[in-house]
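Undergrad: following is a predicted model, sequence given first.
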Amino acid sequence: MVLVSCPGHCTMLAVVLLLGCGVTFALGQNETEPIVLEGKCLVVCDSSPSSDGGVTSSLGISVRSGSAKVAFSAVRNTNHEPSEMSNKTMTIYFDQVLVNVGNRFDLSSSAFVAPRRGIYSFSFHVVKVYNRQTIQVSLIQNEHAVISAFAGDQDVTREAASNGVLLHMEGGDKVYLKLERGNLMGGWKYSTFSGFLVFPV
């Protein structure tokens with residue numbers, strides 16, 4: 001099966017019928033003029049994509065579109081971390097979502113859940129509050145730290161720590177930020193967390 005684009009924002013599903021397998025396919029071009037395809041290519045146009053970014057043709061075949069978009073960006077408006085909510089898990093919670101295409105970022109848990117297998121890009125930016133203190137923030141995928149960022153200049157009151165990564169994720173994989181050491185400055189939207197689907201695989 002081959003997924004291609006056609007004018008009018010529809011999707012064409014090409015089903016190759018193999019003559020070598022003895023397959024014969026008949027379709028009615030209209031009610032009085034049936035056509036028979038042998039070893040040919042049947043093209044079906046359907047302009048109604050499904051809710052998950054796929055396309056369901058009139059033959060009942062569902063094809064997931066590779067162009068389905070997934071992206072999020074969240075910020076913190078509250079003061080310091082850890083808050084009462086995250087004292088136990090040290091998860092960094094965000095309280096405002098700027099972008100949530102695909103609705104895969106859950107604000108209450110401040111975690112992103114991948115809708116499908118693919119390559120995803122993530123980045124974060126945090127700011128420490130006090131001098132003479134080191135902060136460490138890790139990006140967690142399925143309870144395992146993947147990357148970390150540090151800020152530990154003893155003479156700087158407010159120092160930023162940032163990092164970014166490309167991850168291969170399966171559908172249902174979860175990503176969030178964890179504060180390993182120190183405190184964060186969350187006012188003035190200094191702490192951010194963003195990600196998007198680069199392409200499905």
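TA: Yep, that arrived. The model shown is predicted, which means the values in this text are computed figures rather than measured ones.
Undergrad: which residues touch the residue nearest to residue 191 when sequence neighbours are not counted?
TA: Excluding the flanking residues, the one nearest residue 191 by Cβ to Cβ, 6 or more residues apart in numbering is residue 76, at 4.3 Å. Heads up, the C-betas are built off the backbone N, CA and C, glycines and all. Going by Cβ atoms under 8 Å, 6 or more residues apart in numbering, residue 76 touches 92-96, 184, 186-187, 189-192.
Undergrad: quick one, grab the pLDDT at residue 76.
TA: Predicted confidence (pLDDT) for residue 76: 86.
Undergrad: look up how far residue 107 lies from it.
TA: Counting by Cβ to Cβ, to the nearest Å, the gap from residue 76 to residue 107 is 11 Å.
Undergrad: which helix or strand in the chain has the lowest average pLDDT?
TA: When the helices and strands of the chain are compared on mean pLDDT, DSSP states H and E, strand 10-16 comes out lowest with a mean of 40.
Undergrad: I'd guessed residue 141 sits against residue 173; true?
TA: Yes - the pair residue 141 and residue 173 qualifies as a contact (Cβ atoms under 8 Å) at a distance of 6.3 Å.
Undergrad: ok, these two, which is more surrounded?
TA: For residue 141 versus residue 173, the count of surrounding residues by other Cβ atoms under 10 Å is larger for residue 141: 21 against 16.
Undergrad: can you give me the neighbour number for residue 143?
TA: By the criterion of other Cβ under 10 Å, residue 143 has 8 neighbours.
Undergrad: so where's the protein shaky on pLDDT?
TA: Scanning the chain with the threshold set as pLDDT under 70 gives 1-67, 79-87, 130-131, 156-157, 185-188.
Undergrad: now do 50
TA: Filtered on pLDDT under 50, the chain yields the residue ranges 1-53, 55-66.
Undergrad: tell me, how many residues neighbour residue 78?
TA: Here the number of neighbours of residue 78 (other Cβ under 10 Å) works out to 14.
Undergrad: which strand or helix spans it?
TA: Using DSSP states H and E, residue 78 maps to neither a helix nor a strand.
Undergrad: quick one: it and residue 191, what's the gap?
TA: Separation of residue 78 from residue 191 (Cβ to Cβ): 10 Å.
Undergrad: swap in residue 91?
TA: In terms of Cβ to Cβ, residue 91 sits 13 Å off from residue 191.
Undergrad: partner strands of the helix or strand residue 168 falls within, with direction?
TA: Here residue 168 sits within strand 160-169, counting by DSSP H and E. Paired neighbours of strand 160-169 in the sheet (DSSP bridges): strand 118-127 (antiparallel).
Undergrad: which of the residues in the strand it pairs with are buried?
TA: 118, 120, 122, 124-127 (16 or more other Cβ atoms under 10 Å).
Undergrad: what's the end-to-end length of stretch 125-143?
TA: Separation of the first and last residues of stretch 125-143 by Cα to Cα, to the nearest Å is 20 Å.
Undergrad: same question for stretch 89-100.
TA: 24 Å.
Undergrad: same check on stretch 101-112?
TA: 12 Å.
Undergrad: and for stretch 169-179?
TA: Start and end residues of stretch 169-179 are separated by 22 Å (Cα to Cα).
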